[in-house]
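**Q** I'd like to go over a predicted model; first the sequence, then the structure.
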Amino acid sequence: MGRSDLPQEMVEDILSRLPAKSLKRFSCVNKSWSTLFQNPCFIAKHQHLSQKNWSIFVSGADREANKPVLFLHPNFDDVAADDDFDSRGIILESPFLEEAKKYKEFVGSCINGIICLKYYVEHNKIHDFALWNPAIREFKVLPSLPIHFPSNVDYEDVGSAFGYDSNSNDFKVITILSYWNDPGYYVTYNWDPNVIMHTQVEVYTLSTNSWRQVDCDPVSHINFPGRFREIYLNGVYHWSGMAPGIAKDYFVIVSFDMRNEVFGILSMPNLGDILDPAYVWEALAVLGNCVALVVFDYRPTDKIFHIWVMREYGIKESWTKQYVIGPFSGIPHIAGSELQILLLGDKILMVENNGEVILYNLSAQKIKNLRVRGLPSLFRASQIMTVVEVEDFVKAQPDAIAHSAAKIISRLKAGGEKTSNLFVGDVREAALIGVDSLGFDLKAPSEYSAERQLNDLLFPRIHHKPQMMKQTPK
Amino acid sequence: MASSSTSVVVSNKEKENKNTKKVTLKSSDGESFEVDESVAMESQTIKHIIEDGCANNEIPLPNVTSGILSRVIEYCKKHKEAAGESEPSVTSYTSNSTTNPLTEWDTEFVKVDQNTLFDLILAANYLDIKGLLDLTCKTVADMMKGKTPQEIRETFHIKNDYTPEEEAEVRKENQWAFE
């Protein structure tokens, strides 16, 4: 029983719905299928159609093991209420350069299987970036950031972003820096009208392997408040920030479109009638395919969450208060920096630093309290769409790496340095990697990857640079 | 002839007055199916034919047999009904398939033999019915997930153009996918 009358178009449609693992297996069906799976158009279609497996991507540092950890969690549907949940993840040995690195941090989330790392090498003026494909354990160190400010001036790393331009099939890394033209300003903070804040934005594109400055005038006066207030949606990166107002500062959302590399500002909804902005804790999230905002007044012991959704992108009037949920007890009574909020489809997850999770099902209106064990001491969680089954990720065994590391390193020494030689300048190849993404091939390690221990991994969640008053240039 | 066409005109008017416009679809093997126009318009292909004013009395569908057409009509009817009942505000912002009330019905609908399934795909493609196409393709994809490459070749009548050495090489590269 078989059919050969299905048109090629239909066969491709069906194939584009298969998980990456199946595609890999079917590469040996015949040559034209294998070629098809490497075709960028097919890959794009595959990613677009793949099951919207919302998973939680947790990147963090394990203090004891001193290693980076990556977790991928499925929805917590199978977990009974009030259970302990062993987080199923792996400690990853990741390859890195010779020098001891400090202050490593993951930028954004995992896109098409690629992860972006930001790190600080001691004595270097400025931070560095690397792109990393864990599935084949290859990485690329980006060229150094060009510095356009005087060397005696200190800078603030305002924010970074990692994204994908679907028009040109290119990965991009964005870094936003600001600096005062008076190097002493950091110390005194005395308001001085002659001291001006400059903002510099650089965009790196994989296809050109170079940085390029972009115009940031629309947002140079905005204060980005820091981590965990970022989302990446439909090729646009968003941060929440504070803009200077006449009477007082007000919340805005800063957007950066990966395709045309343009900044924009989106308005937040009017929260004032319900919440006092001085005591509001806010987080950006994604709900449906829209920008969402989760806010609560952090003063009361029992907290009530308001979830707003911007139904039409960019239209302030389309902000709709979609849900009011709570009261929830047990949310830490602090300014909220330790709480991470994720929306996965119809569930809202509130994740605390100690692994306590409140899972609220919006449609069923049910709460589950979970305790997740095994999370690293510092972590950041974000929601991502995976193209690979979570089970494949989880089945990978960390021991395989530990034992193979020495062998691979010695092979590499004999064969010459291959570590920084990848993404061979061909963006198509980068897209290709996406299909293979997250199939952590730990049982049959790739020949060409180097593995080294990461020393001293610290994630600067606590690394605050104090917020400063930004002066609007007259 | 004249009298019958008159009666057709009259009955059409009656139907318009009752507000249930119908169209007749004719399968490749000559069977006619009368359905509500709104149901038939679940098919973009049929929708264009009607809107272009080419419908007249019957719409011939030479690519679809009666057995398949009756199933397609069943699908369209069911989904048209359900669309009329659902609340848009609930479904648009919780993009989770478990909130689709027809999931169970759809699952039963595609429990058919492979040949029928493939025919449904072809029909859904020809008639341009997105929901049915998604459903049937996904079903085939799910069925394929557990198969070996050889079983896939048999299902799709594909000739293996690898030499045994080449095939072994490809398998080795993708070893993890076979576990």
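**A** Yep, that arrived.
**Q** ok, now which ones touch residue A:291?
**A** By C-beta atoms under 8 Å, 6 or more residues apart in numbering or on different chains, residue A:291 lies in contact with A:231, A:233, A:238, A:253, A:266, A:284, A:309, A:310, A:313. The way it works is simple: take the backbone N, C-alpha and C, and place the C-beta from them, glycine included.
**Q** Please verify my assumption that residue B:66 contacts residue B:25.
**A** No - Residue B:66 is beyond contact range of residue B:25, at 9.9 Å (criterion: C-beta atoms under 8 Å).
**Q** Residues that sit against both of these two, list them.
**A** residue B:33.
**Q** that older thread, which among the contacts of residue A:291 count as buried?
**A** Buried members of these, counted by 16 or more other C-beta atoms under 10 Å in any protein chain shown: A:231, A:233, A:238, A:253, A:266, A:284, A:309, A:310.
**Q** For residue B:66 and residue B:25, indicate the residue with more neighbours.
**A** Here residue B:66 and residue B:25 are set side by side on neighbour count (other C-beta atoms under 10 Å in any protein chain shown), and the busier one is residue B:25, at 23 against 17.
**Q** Show me which of the contacts of residue A:291 is closest to chain B.
**A** Chain B lies nearest to residue A:309 out of the contacts of residue A:291, by C-beta to the nearest C-beta, at 6.1 Å.
**Q** check which helix or strand covers that closest one.
**A** In this structure, residue A:309 sits in strand A:303-310 according to DSSP states H and E.
**Q** Buried ones in the helix or strand that comes right after that strand, by neighbour count?
**A** Downstream of strand A:303-310, the first helix or strand assigned by DSSP H and E is strand A:319-328. For strand A:319-328, the neighbour count (16+ other C-beta under 10 Å) marks A:319, A:320, A:322, A:323, A:325, A:326, A:328 as buried.
**Q** For the third one, give its distance to residue B:43.
**A** Distance of residue A:322 to residue B:43, given as C-beta to C-beta, to the nearest Å: 34 Å.
**Q** returning to what we had before: could the contacts of residue A:291 be laid out in TSV, adding distance to chain B and pLDDT?
**A** TSV is the format used below for the contacts of residue A:291 (distance: C-beta to the nearest C-beta, whole Å; pLDDT from 0 to 100):
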residue	distance to chain B	pLDDT
A:231	15	84
A:233	13	83
A:238	18	90
A:253	18	90
A:266	18	91
A:284	16	85
A:309	6	87
A:310	11	89
A:313	14	88
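**Q** Point out where the stretch 1-150 of chain A drops to low pLDDT.
**A** For the stretch 1-150 of chain A, the stretches with pLDDT under 70 are A:1-4, A:20, A:40, A:43-105, A:112-113, A:121-124, A:133-139.
**Q** near chain B, which residues of it?
**A** A:1-7, A:9-11, A:13-15, A:17-19, A:21-22, A:24-34, A:52 (C-beta under 8 Å from any C-beta of the partner chain).
**Q** can you count the residues close to residue B:156?
**A** If you count neighbours by other C-beta under 10 Å, residue B:156 ends up with 19.
**Q** My understanding was that it contacts residue A:12; is that so?
**A** No - counting by C-beta under 8 Å, no contact exists between residue B:156 and residue A:12, whose distance comes to 11.7 Å.
**Q** how about residue B:53, secondary structure?
**A** coil (DSSP: H, G, I helix; E, B strand; the rest coil).
**Q** shaky segments in chain B?
**A** In chain B (pLDDT under 70), the answer is B:1-19, B:55, B:85-100, B:175-177, B:179.
**Q** Can you name every helix or strand that the helix ranked longest in it contacts?
**A** When chain B is parsed with DSSP state H, its longest helix is helix B:66-85. With contacts taken as 3 or more C-beta pairs under 8 Å, 6 or more residues apart in numbering or on different chains; DSSP states H and E, helix B:66-85 sits against strand B:32-36, helix B:37-40, helix B:103-109, helix B:114-127, helix B:130-145.
**Q** For residue B:68, give me its contacts.
**A** Here residue B:68 is in contact with B:27, B:116, B:119, B:120, B:123 (criterion: C-beta under 8 Å, 6+ apart).
**Q** Which members of those are classed as buried?
**A** With burial judged by 16+ other C-beta under 10 Å, the buried subset of the contacts of residue B:68 is B:27, B:119, B:120, B:123.
**Q** that older thread, just put the contacts of residue A:291 in a markdown table and tack on distance to residue A:154.
**A** Below are the contacts of residue A:291 laid out as a markdown table (distance: C-beta to C-beta, whole Å):
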| residue | distance to residue A:154 |
| --- | --- |
| A:231 | 29 |
| A:233 | 33 |
| A:238 | 27 |
| A:253 | 28 |
| A:266 | 31 |
| A:284 | 28 |
| A:309 | 40 |
| A:310 | 36 |
| A:313 | 37 |
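**Q** wait, which of those residues is closest to residue A:164?
**A** residue A:233 (12.1 Å; C-beta to C-beta).
**Q** quick revisit: for the contacts of residue A:291, which one is nearest residue B:128?
**A** Nearest to residue B:128, judged by C-beta to C-beta, of those is residue A:313 at 28.1 Å.
**Q** That closest one contacts residue A:289, doesn't it?
**A** No - contact criterion C-beta under 8 Å: residue A:313 and residue A:289 do not qualify, at 9.1 Å.
**Q** Other residues contacting the host helix or strand of residue A:35?
**A** Assigning secondary structure by DSSP H and E places residue A:35 in helix A:31-37. Helix A:31-37 has contacts (C-beta under 8 Å, 6+ apart) with A:12, A:15, A:23-24, A:26-28, A:42-43, A:435, B:158, B:161-162, B:170.
**Q** tally of neighbours for residue A:363?
**A** Residues near residue A:363, counting by other C-beta under 10 Å, number 14.
**Q** Which parts of chain A are helices?
**A** Using DSSP H, helices in chain A cover A:8-15, A:20-25, A:31-37, A:40-49, A:185-188, A:390-395, A:398-415, A:427-435.
**Q** Report the central residue of chain B.
**A** Centroid-nearest residue in chain B: residue B:124, 3.3 Å away (criterion: C-alpha atoms, centre = their mean).
**Q** who's in contact with residue B:77?
**A** So residue B:77 contacts B:35, B:36, B:39 (C-beta under 8 Å, 6+ apart).
**Q** What distance do you get for it to residue B:33?
**A** 11 Å.
**Q** Residue A:116: which of the buried ones among the contacts of residue A:291 is nearest?
**A** Once C-beta to C-beta is applied, the member of the buried ones among the contacts of residue A:291 that ends up nearest residue A:116 is residue A:231, at 15.5 Å.
**Q** hey, what's the closest residue to the closest one other than its chain neighbours bridged with?
**A** Of all residues not flanking residue A:231 in the chain, residue A:284 sits nearest, at 4.5 Å (C-beta to C-beta, 6 or more residues apart in numbering or on different chains). Counting by DSSP bridges, residue A:284 is bridged to residue A:293.
**Q** Residue 148: how many residues sit nearby?
**A** If you meant another chain, say so; for now it's chain A. For residue A:148, the number of neighbouring residues by other C-beta under 10 Å comes to 11.
**Q** should've been chain B
**A** 13.
**Q** how about it, what does it touch?
**A** residue A:25.
**Q** picking up where we left off before, could you measure from the residue nearest to the centre of chain B over to chain A?
**A** Distance, residue B:124 to chain A, by C-beta to the nearest C-beta, to the nearest Å: 9 Å.
**Q** quick revisit: mind listing what the residue nearest to residue A:231 touches?
**A** Residues counted as contacts of residue A:284 (C-beta under 8 Å, 6+ apart) are A:229, A:230, A:231, A:238, A:239, A:240, A:253, A:291, A:292, A:293, A:294.
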